[in-house]
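Enquirer: here are the coordinates; sequence isn't available:
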């Protein structure tokens, strides 16, 4: 991705690439200014002993500094791994032990720096202070090489086999994903992207796509109203989990027609979603307002690129067709297998997990699904995400969770119930009023009435507070961790089943 950025920088050095107001003042950077910052950071890293193949652990909030750190690591041939600043400290500690990073870059208040006591730990403000604005850009000092099979960056994941892991993403994996996606949408120089999700999870979709298409990006301030920022920035492209699009739809419905759905999104018309179940009613809502919302499927291990619905090929109730150059099939037990240019090299420092996940060139996704007669993929759920009832019956709750996630005032939902006779819904409503609870129960009964008797869910635990990432109840991408939810709320789960 460095090569693509350098090409666009040479072609249009003075063109604005990035706007950023997350550090208190609004800042605008041309491509040349961003490159100068990246070169300065690369010098700082090299002074701290960072070289080719060394790891750089980044736990910095979305900002121009995040992008410059990523480019600086590429200039040196180092391998960056980013974690969201709000990631649990035990998760950060796990990656320090796994990667033995030469440098750890963090925000001011990050406890990780205090814990590690590493002389290589550095605050992002220290890097900023070391940057000489008027310093000439000299790329001759950096061994810029381009090897398609070399590892470009490491991506954090819990993996298809559980536990914290670092996915080794090669240049060709990321390049292929960017080329395919930006052509299919398509994305170009006039496109704009307002980034509000942590780049640690969306590096390819949010940043690298726009390095590829030479568009522009902005970073949303997490302490300001997101809708206001969307209206102000006017993105053309939005890729986000379904919860974002559900929230926007809820705001739109509450406005009673005083503002169009397109206006709430700042005029964005290229809308893409995935990672968690998408309710058909949500897709229908956007279509009814002239804004098709396209659903896709992928995972970190394949640069989030396996199948997708695009304007050129769409089927409701599916997550789309395999991309050109990607093969998708299902195993005898229904597990989805993926092979192709987007599939990663393996897990850093974990040969056992790599061997379990990559078999004869096929990525074992851990997801279960079906391919229809035309090759569209229907997603059923996670193999390990199934609920095994006391009767031995296995439930795949993803589809029903997707349907109910769009119920009025439903903020979070997770089905649990391993070893119970019936599954139980754990739900957070906002607000959690008696009227909203009654409305949710009515919606639940309507959906489960079509299910076989032994799959019906009648019992609900209503939570006063949302499921918490810090408590291990949700992943950073919003997926429920059922085992931990069962552990944390077991007494209440048993109470509603009596």
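Expert: It's in. Source: prediction; values computed, not measured.
Enquirer: next structured bit after the least confident helix or strand in the chain by mean pLDDT?
Expert: Within the chain, no helix or strand scores below helix 111-116, which has a mean of 62 by mean pLDDT, DSSP states H and E. Later in the chain than helix 111-116, the nearest helix or strand by DSSP states H and E is strand 121-123.
Enquirer: tell me what the next helix or strand after that next one is packed against?
Expert: Next in sequence after strand 121-123, counting helices and strands by DSSP H and E, comes helix 124-130. Counting contacts by 3 or more CB pairs under 8 Å, 6 or more residues apart in numbering; DSSP states H and E, helix 124-130 packs against helix 31-47, helix 64-76, strand 103-106. To be clear about C-beta, it is placed using only N, CA and C from the backbone, and glycine gets the same treatment.
Enquirer: give me the most central residue, the chain.
Expert: Ranked by distance to the mean C-alpha position of the chain (CA atoms, centre = their mean), the top residue is residue 201 at 4.0 Å.
Enquirer: quick check, pLDDT for that one.
Expert: Predicted confidence (pLDDT) for residue 201: 87.
Enquirer: so it is in which element?
Expert: Using DSSP H and E, residue 201 maps to helix 199-202.
Enquirer: from the middle of its chain, how far away would that helix be?
Expert: 6 Å (CA atoms, centre = their mean, to the nearest Å).
Enquirer: neighbouring contacts of it?
Expert: The contact list for helix 199-202 (CB atoms under 8 Å, 6 or more residues apart in numbering) reads 58, 62, 66-67, 82-84, 87, 156, 195, 206-207, 239, 476-477.
Enquirer: if we go to 7 Å?
Expert: The contact list for helix 199-202 (CB atoms under 7 Å, 6 or more residues apart in numbering) reads 62, 66, 82, 83, 84, 156, 206, 207, 476, 477.
Enquirer: farthest-separated two in the residues you listed?
Expert: 66 and 477 (18.1 Å; CB to CB).
Enquirer: quick one, which of those two is more surrounded?
Expert: residue 66 (25 against 17; other CB atoms under 10 Å).
Enquirer: just the strands in the stretch 301-450 of the chain please.
Expert: Ranges of strands within the stretch 301-450 of the chain are 307-308, 321-322, 326-330, 335-340, 346-347, 358-359, 362-371, 377-382, 387-388, 394-395, 410-416, 424-429, based on DSSP state E, counting those that start in this stretch.
Enquirer: next, the distance between the ends of stretch 129-137.
Expert: By CA to CA, to the nearest Å, the extent of stretch 129-137 from end to end equals 18 Å.
Enquirer: which parts of it are buried?
Expert: Neighbour-count burial for stretch 129-137 flags residue 131 (criterion: 16 or more other CB atoms under 10 Å).
Enquirer: returning to that earlier point: show me which of the contacts of helix 199-202 is closest to residue 106.
Expert: For the contacts of helix 199-202, the nearest to residue 106 is residue 83 (9.4 Å; CB to CB).
Enquirer: tally of neighbours for that closest one?
Expert: Neighbour count for residue 83, taken as other CB under 10 Å: 24.
Enquirer: secondary structure class for residue 149?
Expert: Three-state call for residue 149 (DSSP: H, G, I helix; E, B strand; the rest coil): coil.
Enquirer: quick one: contacts for the closest residue to it other than its chain neighbours?
Expert: Counting by CB to CB, 6 or more residues apart in numbering, residue 170 is the residue found nearest to residue 149 once chain neighbours are left out, at 5.8 Å. Residue 170 sits next to 148, 149, 150, 151, 152, 345 when contact means CB under 7 Å, 6+ apart.
Enquirer: mind checking how far residue 367 is from residue 489?
Expert: For residue 367, the distance to residue 489 equals 26 Å [CB to CB, to the nearest Å].
Enquirer: comparing the two, which residue is more hemmed in?
Expert: Counted by other CB under 10 Å, residue 367 and residue 489 do not tie: residue 367 has more neighbours, with 26 against 20.
Enquirer: in the sheet, who's paired with the more buried one?
Expert: residue 382 (DSSP bridges).
Enquirer: what do you get for residue 337?
Expert: Assigned bridge partners for residue 337, using DSSP bridges, are residue 329, residue 364.
Enquirer: dump the contacts of residue 170 to a markdown table, plus pLDDT and distance to residue 129.
Expert: Shown next, in a markdown table, are the contacts of residue 170 (pLDDT from 0 to 100; distance: CB to CB, whole Å):
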| residue | pLDDT | distance to residue 129 |
| --- | --- | --- |
| 148 | 90 | 37 |
| 149 | 93 | 37 |
| 150 | 93 | 32 |
| 151 | 95 | 31 |
| 152 | 95 | 28 |
| 345 | 97 | 36 |
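Enquirer: name the member of these with the most neighbours.
Expert: residue 152 (25 neighbours).
Enquirer: and that residue, what are its phi and psi?
Expert: Main-chain torsions, residue 152, degrees, to the nearest 10: phi -90, psi -50.
Enquirer: next up, the contacts around it.
Expert: For residue 152, counting by CB under 7 Å, 6+ apart, the contacting residues are 1, 169, 170, 171, 174.
Enquirer: at 8 Å instead, please
Expert: 1, 74, 79, 169, 170, 171, 173, 174.
Enquirer: pull the number of nearby residues for the fourth one.
Expert: Spelled out, it's residue 169. 25.
Enquirer: confirm that it sits in a strand.
Expert: Yes: with three-state DSSP as the criterion, residue 169 is part of a strand.
Enquirer: can you tell me how far it sits from residue 365?
Expert: 16 Å.
Enquirer: helices along the stretch 201-350 of the chain, start to end?
Expert: 209-213, 226-233, 242-254, 261-264, 280-288 (DSSP state H, counting those that start in this stretch).
Enquirer: for those, which one sits closest to residue 382?
Expert: With CB to CB as the yardstick, what comes closest out of these is helix 242-254 (16.3 Å).
Enquirer: who's in contact with the closest one?
Expert: Helix 242-254 has contacts (CB under 8 Å, 6+ apart) with 227, 238, 259-261, 264-265, 271, 273, 275-279, 282, 285-286, 289, 293, 402, 405-406, 478.
Enquirer: and the residue nearest to residue 455 when sequence neighbours are not counted, how far is that from residue 301?
Expert: Leaving out its chain neighbours, the residue that sits closest to residue 455 by CB to CB, 6+ apart is residue 395, at 6.0 Å. Distance, residue 395 to residue 301, using CB to CB: 25 Å.
Enquirer: so the two - more neighbours on which side?
Expert: Taking neighbours as other CB under 10 Å, residue 395 and residue 301 compare with residue 301 leading, 29 against 21.
Enquirer: going by neighbour count, list what's buried in the helix or strand harbouring residue 173.
Expert: In this assignment (DSSP H and E), residue 173 forms part of helix 171-184. Buried residues in helix 171-184, counted by 16+ other CB under 10 Å: 171-182, 184.
Enquirer: who are the packing partners of that helix?
Expert: Against helix 171-184 (3+ CB pairs under 8 Å, 6+ apart) you get strand 151-157, helix 209-213.
Enquirer: report the buried residues of the shortest one.
Expert: Counting neighbours by 16+ other CB under 10 Å, one finds that the buried residues in helix 209-213 are 209, 210, 211, 212, 213.
Enquirer: noted, bye for now.
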